[in-house]
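K.L.:
I'd like to go over a predicted model; first the sequence, then the structure.
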Amino acid sequence: MTATRSGATGGSPLLSDLLPWSTAPLRFGRAWILAPDQPSLTARWDRLMAAEGAERETLFGPSRARTPHSAVAALPGGATGTGRFVRESGRCPMPRRVLHGPFDEQWLIPDHRLIDAARPELWRVADDHQLFAVEQGYVPQADGPALLVSALLPDGRSPAGRPGRIRPLYRRPGGTEPNVTPGLLALLSARYGHDVTAEELLAWAVAAAVPSPEGPAVPLTADPGVWATGTALGRRMTAIQLRGARGGERPRLPGGRRPYVRAAVPDRPETIAYDPEAEALLLGTGRISPVPAGAWDYTVGGVRILELWFERRTGPVESGALEAIRPAVWLQEWTSELLELITVLALLAELRPLQRELHGGPEIGREELRATGVLPVPETARRPASVLDHHEEGPEGQFALI
């Protein structure tokens, strides 16, 4: 089959052509169930348990999808109660680490009774073998990645633009049944001369994806050499984003370029700024350097990530609401997390020029994928797999088979 170039008849496939099963982002419905630190969540829960009647319902924050009276099944793999929340009197469930939007690792109370749309099908396959491809919201003319990857369960929120989809790499727990369009891996294996795996395909997508209004487009090079270069780059980008998960090393900048705290972050920093000449990040009177300009300028959907991360920890909240229960001072753990985030963004920014080099050559376009029978995607591949290996507790303690 004749290879095509971007913009030619058939064009580049979309990520949805390659990893067909996806879910919409999670919808929490109430801000207080998510926090950058665990103790705040426990304190919020205890405050809610101490409230009664109308005050308890107000603090809960009822929505059309959830009220304290909603009957809801347990989340897969969780150990929370399934009785109506209005009768709840126990301890706060163990918070779970999740990815809140791009690059922001926070803590969530994993209780289905508190989450408007938790996407249970994601929780069923979220294990130590899973990776999630997270589409970023499309914003015309905005710089930034079209696709990110996470080992943590992502909420899929975008800082700007309409949120994209969450696409697990595997359809079943244990890293089995790749979420790849049937026939695609065999086609790519034949074209590149070796067995192409689902993780190799994801690595290429992480490196090569470009934004489009219909969702990320993923040009598939027809050149085996370019494919090898791109997948190596994508693996590097994935390892940086995973931050040591899956047995990898935590990201580090070379000696002499690693950011350090030069002046302690104050108890209540109110501003964040950047000094480009000194390569210094300023948090109130606190000072971190060296901070490469690429880290400060790193945006997703036109939103600067470091500013967004800082605002989520220091921005104003409604007095009296549960989310107002939060640390009174800047936490030392936030400084450590910030240093790592700076490193992640700086390393990814350095790789952007290499990503651009993957584009422009001959491609395996959608026309060829249709001619070989890979496209259109079978509808069954767009639906989650049935997971029948264990019982899941339904509302009020009833058991349900999924």
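P.N.:
That came in fine, so what should we check first?

K.L.:
Look up which residues are beta-bridged to Phe281.
P.N.:
Slight slip there: residue 281 is Leu, not Phe. With DSSP bridges applied, Leu281 shows beta-bridge pairing to Tyr274, Ile288.

K.L.:
residues contacting the most centrally placed residue in the chain?
P.N.:
The centroid of the chain falls nearest to Pro154 when counting by CA atoms, centre = their mean (3.8 Å). By CB atoms under 8 Å, 6 or more residues apart in numbering, the contact set of Pro154 is 98-99, 132, 134, 166. Every residue, glycine included, has its C-beta placed from N, CA and C.

K.L.:
Neighbour count for those residues - can I get that in JSON lines?
P.N.:
Formatted as JSON lines, the contacts of Pro154 follow (neighbours: other CB atoms under 10 Å):
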{"residue": "Val98", "neighbour count": "19"}
{"residue": "Leu99", "neighbour count": "23"}
{"residue": "Phe132", "neighbour count": "24"}
{"residue": "Val134", "neighbour count": "25"}
{"residue": "Ile166", "neighbour count": "23"}
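
K.L.:
Identify those among these that sit within strands.
P.N.:
98-99, 132, 134, 166 (DSSP state E).

K.L.:
and which of the contacts of Pro154 is nearest Leu341?
P.N.:
Leu99 (12.2 Å; CB to CB).

K.L.:
do you know how far Ala35 is from Arg44?
P.N.:
Distance from Ala35 to Arg44, counting by CB to CB, to the nearest Å: 8 Å.

K.L.:
Likewise for Ala239?
P.N.:
Relative to Arg44, and taking CB to CB, Ala239 is found at 35 Å.

K.L.:
same deal with Thr176?
P.N.:
37 Å.

K.L.:
So for those two, which sits in the more crowded spot?
P.N.:
Arg44 (22 against 11; other CB atoms under 10 Å).

K.L.:
Count the residues that sit near the nearest residue to Met49 once chain neighbours are set aside.
P.N.:
Leaving aside its sequence neighbours, Met49 sits nearest to Ser89 (CB to CB, 6 or more residues apart in numbering; 6.2 Å). Neighbour count of Ser89, defined by other CB under 10 Å: 7.

K.L.:
Would you mind confirming that Ser89 makes contact with Ala51?
P.N.:
No: using CB atoms under 8 Å, Ser89 makes no contact with Ala51, being 11.6 Å away.

K.L.:
which residues does Ala321 contact?
P.N.:
31-32, 59, 61.

K.L.:
Which pair of these spans the longest distance?
P.N.:
Maximum pairwise distance among the contacts of Ala321 (CB to CB): 12.0 Å, between Ala31 and Leu59.

K.L.:
Of the two, which one has the most company?
P.N.:
The residue with more neighbours, out of Ala31 and Leu59, is Leu59; 18 against 13, by other CB under 10 Å.

K.L.:
so what pLDDT did that one get?
P.N.:
On the pLDDT scale, Leu59 is placed at 98.

K.L.:
Where does the record place the domain boundaries for the protein?
P.N.:
As assigned by automatic domain parsing, the chain contains the domains 15-252+358-400, 260-349.

K.L.:
Mean neighbour count, these: which tops it?
P.N.:
Mean neighbour count, computed with mean count of other CB atoms under 10 Å, is highest for domain 15-252+358-400 among these, reaching a mean of 18.

K.L.:
how far is that one from where the chain is centred?
P.N.:
6 Å (CA atoms, centre = their mean, to the nearest Å).

K.L.:
How about residues contacting stretch 249-263?
P.N.:
239-240, 243-244, 280-281, 285-292, 335, 339-340, 342-344, 346-347.

K.L.:
Go through the residues you listed and flag which are in helices.
P.N.:
239-240, 335, 339-340, 342-344, 346-347 (DSSP state H).

K.L.:
what two of the residues you listed are the furthest from one another?
P.N.:
Checking the ones in helices among the contacts of stretch 249-263 with CB to CB, the most distant pair is Ala239 and Thr335, at 23.5 Å.

K.L.:
now the strands for the stretch 1-150 of the chain?
P.N.:
In the stretch 1-150 of the chain, the segments counted as strands under DSSP state E, counting those that start in this stretch are 34-35, 96-99, 105-108, 132-135, 147-150.

K.L.:
Which strands or helices does the first one pack on?
P.N.:
So that's strand 34-35. Strand 34-35 makes packing contacts with strand 105-108 when contacts are defined by 3 or more CB pairs under 8 Å, 6 or more residues apart in numbering; DSSP states H and E.

K.L.:
Would you mind confirming that Glu333 is in contact with Asp37?
P.N.:
Yes: the criterion here is CB under 8 Å, and Glu333 meets it with Asp37 at 7.1 Å.

K.L.:
quick one on the thing from earlier: intersection of neighbour lists for Ala35 and Arg44?
P.N.:
In contact with both Ala35 and Arg44: Glu323, using CB under 8 Å, 6+ apart.

K.L.:
In terms of helices and strands, where is Pro159?
P.N.:
Counting by DSSP states H and E, no helix or strand carries Pro159.

K.L.:
need the contact list for it.
P.N.:
Pro159 touches 101-102, 137, 300-301, 303, 305, 308, counting by CB under 8 Å, 6+ apart.

K.L.:
Let me have those residues in TSV, adding distance to Pro25 as columns.
P.N.:
Putting these into TSV (distance: CB to CB, whole Å) gives the following:
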residue	distance to Pro25
Gly101	9
Pro102	12
Gly137	10
Val300	14
Gly301	13
Val303	16
Ile305	18
Leu308	16
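
K.L.:
Let me see the contact set for the closest residue to Pro110 other than its chain neighbours.
P.N.:
Distances taken as CB to CB, 6+ apart place Arg96 nearest to Pro110, at 4.4 Å, with adjacent residues excluded. Residues in contact with Arg96 (CB under 8 Å, 6+ apart) are 107-110, 153.
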